[in-house]
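>>> Output the structure for:
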Amino acid sequence: MAMILISAGTYAHSFNVKPSFDINDGDIKESPFFRKAGDKLFLNFFNREMGDVQIKVIDSENRILYSETIKSSLIVEKAFNFGKAEKDSYKIVVRDANDTFAEYYVVK
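Numbers count the residues shown, from 1 in each chain. Okay, the predicted model is just below:
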């Protein structure tokens, strides 16, 4: 099974975070920001609604390797270290009360 190290912390100061926006019925909805750096994938998400945010890492066989629910946090930040992960394609899923977002990371 793949080994992925997950850590939380304040990473926004280490890189320039530019939110991406989706326009939905006139409302502006921020999407998660992902940044790849070497074997790491950084996630930043502005949780405007302050609801629960679920994060999952899923491999190509649809096995959930990591799952966490973050409650009532305005800023959600995570770092995923794929340095010791098996060669595979991984999907990182971020779900809030209204939307589901996905990012893919391939270990070659």
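>>> shaky segments in the protein?
Applying pLDDT under 70 to the chain flags the ranges 1-29.
>>> could you pull out the strands for it?
For the chain, strands defined by DSSP state E occupy the ranges 5-7, 20-24, 27-31, 33-37, 40-46, 53-58, 64-70, 75-81, 88-95, 100-107.
>>> Export those strands as a markdown table, with columns for mean neighbour count.
In short, each C-beta sits where N, CA and C put it, glycine included. Formatted as a markdown table, the strands of the chain follow (neighbours: other CB atoms under 10 Å):
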| stretch | mean neighbour count |
| --- | --- |
| strand 5-7 | 13 |
| strand 20-24 | 10 |
| strand 27-31 | 13 |
| strand 33-37 | 15 |
| strand 40-46 | 19 |
| strand 53-58 | 18 |
| strand 64-70 | 14 |
| strand 75-81 | 18 |
| strand 88-95 | 17 |
| strand 100-107 | 14 |
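>>> Assess the claim that residue 43 and residue 34 are in contact.
Yes: counting by CB atoms under 8 Å, residue 34 is a contact partner of residue 43 at 5.8 Å.
>>> tell me, what's touching these two both at once?
Common contacts of residue 43 and residue 34 (CB atoms under 8 Å, 6 or more residues apart in numbering): 92, 103.
>>> List the contacts of residue 88.
2, 59, 60, 106, 107.
>>> For those, work out which two are farthest apart.
The span of those, defined through CB to CB, is set by 2 and 106 at 12.3 Å.
>>> so what sits against both of those two?
88, 90.
>>> Grab the nearest non-local neighbour of residue 93.
Nearest residue to residue 93 in three dimensions, chain neighbours excluded: residue 56, at 4.5 Å (CB to CB, 6 or more residues apart in numbering).
>>> Before I go, just wanted to say thanks for your time.
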